[in-house]
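A.B. asks: Here is my input, please return the structure:
(one chain, ligands or ions: 1)
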Amino acid sequence: MSSHKTAFFNHIAQTSDAPIGLEIEYARGPFFYTTDGKRYTDFISGIAVSSLGHSHPEVVQAVQDQAAKHMHVMVYGEFIQKPQSELAQLLASQLPDNLQRIYFVNSGTEANEGALKLAKKATGRRKLVAFRDSYHGDTHGALSVTGRDVYRDPYLPLLPDVTFLSFNAYDELNLIDTQTACVIMEPIQGEGGIIPADADWLKAVRKRCSDVGALLIFDEIQSGMGRTGELFAFMHYNVVPDILCMAKALGGGMPIGAFASSDHIFEAFKYNPPLNHVTTFGGHPVSAAAAHASLSVILRDNLPERAKLIENEVREVLKSDHIAEIRGKGAMLGMQLKSYEQTERVVNVCMRKGVLLGWTLHSNTLIRLAPPLTIPMDVLKDTLHTIIQAVEENPPD
Ligand code: PLP
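C.D. replies: Below is the predicted model:
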C-alpha cells in the first residue's frame, strides 16, 4: 500500500466502510488517472461538479491569476472584490428580474441554509415545507428539510415545523398554507433517483406558494449550470422561484455556492440586527474567479446544448430489456435497473473497464449518468458501449 493510501485509511475521517479508494494522480477533461497508471472516464463528474471536464485550462488560468493577485482579504460582504462582482454581474445577466441579487457561500448545503434563514426572516413565518426523497445537504438546517428518515433519525431533533409532501402529488399542496415561510425543492430530484417534476404540478406548487405568500426555493445545486439542457432546470418549466440555490458546477471545480433572490427579500439580511447572516470565506476570490471563467465558457460554448446532445446519444445507445427506464433531462440522467445485485454488477464491471459510474444516495437500483458536458462525442460513444455491454452481460436475477 502506498504511504498516501495508508494515511487515507489511518487518518482521514471515513464516511463509509467501503470508500472507492482510487488514488488520483491527475485529471484532465473527461478522464482522471490513478497512481497505478490507469485511466478512468468520469461519468459522474465528481457528482455533477466537473461539467467543463477536469482542470479546464481557462479555469486553471483564472485560479492562477487570482491567487497571484490576492486570496482572502476580508470576511464576505465588506470589501469590493472584482471576482465576486464580475461573477454576480454575469450570473444576474442570465437570471430573471426577481433573482438579481446574489449571496455567495462555500457549498450547496450553505446555500440552502442561507435560503431557509432568508425565507424565515423575510416572511416572519416559521413553517418549512419540503419533499420526500429530497436531498438538500448535511448541515442541521439542510438535513431538516431532507426527505429521508434513515439519514435524519440519528440526528433528531432537527428543526421543528417541517412538513414533508410527496413529490409530483397534487393532493397535499393544501398543506402549504399562510403559516408557511417557504417550500424548498429540487425541480429535478437528484439523490432521490433523478426524478423530474411534472410541468403542470410544478406550476401548481408555484401558484399555491404565491396564493398563500410562501416563498418558493429551488435547490438547483445539482441541476444548475447547464447540466439539464438549460442554464437552470427552472428554465425548462417557465416556473421562477423566489430564491434560487446553486453550487457544485458553479465553481468549475472550486468550492463556491450561492443563493439568488430579489432586492426586496434580501433586505431582511441587512437589518434587525445588521450582520445577521455572515460568512468568512463565502465567495472566496479564487473560487469566484474560477466560477466566472467557468460560467463564461458554459455560455460561450453553449454547453446546455451539448447536454441535450448527450441525452440523445444516451437514450439512443442505452436500450435493453434489462433497463427499466432512462430518466432525467440533458446530462442529468439516471439508468433505472431492476435489482440491487444487477446494479452492483454493472457498476463493478464498468469500473474494471475504466468507467466510473455510481448510485444516487436514496436509490440502490439507479445508476447516475452525469458526464462532463464537454465530453468528446467519440469518448461518449465508447463509454456508452462499455455500459450497454455490461448491462447486456448482467441481466437482473
Ligand atoms: N442540494 C442538492 C440537490 C445536492 O445534490 C447536494 C449535494 O449533492 C447538496 C444540496 C449539498 O451540496 P454540498 O455537498 O455542496 O453541501
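
A.B. asks: When you work out contacts or count neighbours from here on, use the C-alpha atoms and nothing else.
C.D. replies: Will do.

A.B. asks: neighbouring strands for the one helix or strand Y103 maps to, and are they parallel or not?
C.D. replies: Using DSSP states H and E, Y103 maps to strand 101-105. Its sheet considered, strand 101-105 pairs with strand 257-261 (antiparallel) by DSSP bridges.

A.B. asks: neighbouring contacts of the strand it pairs with?
C.D. replies: 98-108, 110-112, 114-115, 242-248, 250-251, 282-283 (C-alpha atoms under 8 Å, 6 or more residues apart in numbering).

A.B. asks: Now D263. Nearest residue, chain neighbours left out?
C.D. replies: Distances taken as C-alpha to C-alpha, 6 or more residues apart in numbering place R101 nearest to D263, at 6.1 Å, with adjacent residues excluded.

A.B. asks: how near is the one you found to I80?
C.D. replies: Per C-alpha to C-alpha, to the nearest Å, R101 is found 15 Å from I80.

A.B. asks: How about the residues of the stretch 151-300 of the chain by the ligand?
C.D. replies: Residues of the stretch 151-300 of the chain found near the ligand (C-alpha under 6 Å from any ligand atom) are 190, 219, 221-222, 248.

A.B. asks: Dump those residues to JSON lines, plus pLDDT and secondary structure.
C.D. replies: Formatted as JSON lines, those follow (pLDDT from 0 to 100; DSSP: H, G, I helix; E, B strand; the rest coil):
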{"residue": "G190", "pLDDT": "97", "secondary structure": "coil"}
{"residue": "D219", "pLDDT": "99", "secondary structure": "strand"}
{"residue": "I221", "pLDDT": "98", "secondary structure": "coil"}
{"residue": "Q222", "pLDDT": "98", "secondary structure": "coil"}
{"residue": "K248", "pLDDT": "98", "secondary structure": "helix"}
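
A.B. asks: Name every strand pairing with the helix or strand of the chain with the lowest mean pLDDT and say which way it goes.
C.D. replies: Among the helices and strands of the chain, strand 358-360 carries the lowest confidence by mean pLDDT, DSSP states H and E, at a mean of 89. Sheet pairing for strand 358-360, assigned by DSSP bridges, gives strand 363-369 (antiparallel).

A.B. asks: Give me the number of neighbouring residues for L215.
C.D. replies: Using other C-alpha atoms under 10 Å, L215 has 26 neighbouring residues.

A.B. asks: Kindly report the same for L87.
C.D. replies: 23.

A.B. asks: same check, this time on D382
C.D. replies: D382, neighbours per other C-alpha under 10 Å, totals 10.

A.B. asks: what's the distance between the closest residue to V349 other than its chain neighbours and T146?
C.D. replies: In this structure, V349 finds its nearest non-sequential neighbour in A390, 6.3 Å apart by C-alpha to C-alpha, 6+ apart. Remark: distance between A390 and T146 (C-alpha to C-alpha) = 33 Å.

A.B. asks: More neighbours: the two, which one.
C.D. replies: Using other C-alpha under 10 Å as the criterion, A390 and T146 rank with T146 on top: 24 against 19.

A.B. asks: what's near enough to touch that one?
C.D. replies: 130-137, 152.

A.B. asks: Next, give phi and psi for M246.
C.D. replies: Backbone dihedrals for M246, given as degrees, to the nearest 10, come out at phi -140, psi 160.

A.B. asks: what about the residue lying closest to it once chain neighbours are set aside, neighbour count?
C.D. replies: Leaving out its chain neighbours, the residue that sits closest to M246 by C-alpha to C-alpha, 6+ apart is I221, at 4.1 Å. For I221, the count of nearby residues is 29 (other C-alpha under 10 Å).

A.B. asks: wait, I221 sits on A233?
C.D. replies: No. Applying C-alpha atoms under 8 Å as the test, I221 and A233 come out as separate, 10.4 Å apart.

A.B. asks: returning to what we had before: what about the strand holding Y103, near the ligand?
C.D. replies: No. Using C-alpha under 6 Å from any ligand atom, strand 101-105 stays clear of the ligand, with a minimum separation of 10.0 Å.

A.B. asks: close to the ligand, is the helix or strand just after that strand?
C.D. replies: Once the chain leaves strand 101-105, the next helix or strand it forms, by DSSP H and E, is helix 108-123. Yes. Counting by C-alpha under 6 Å from any ligand atom, the ligand has neighbours in helix 108-123: 108-109.

A.B. asks: pLDDT on helix 108-123, on average?
C.D. replies: The average pLDDT for helix 108-123 rounds to 98.

A.B. asks: helix or strand right after it?
C.D. replies: Of the helices and strands lying after helix 108-123 in sequence (DSSP H and E), the nearest is strand 127-131.

A.B. asks: Can you give me the end-to-end span of stretch 88-106?
C.D. replies: Start-to-end span of stretch 88-106 (C-alpha to C-alpha) is 15 Å.
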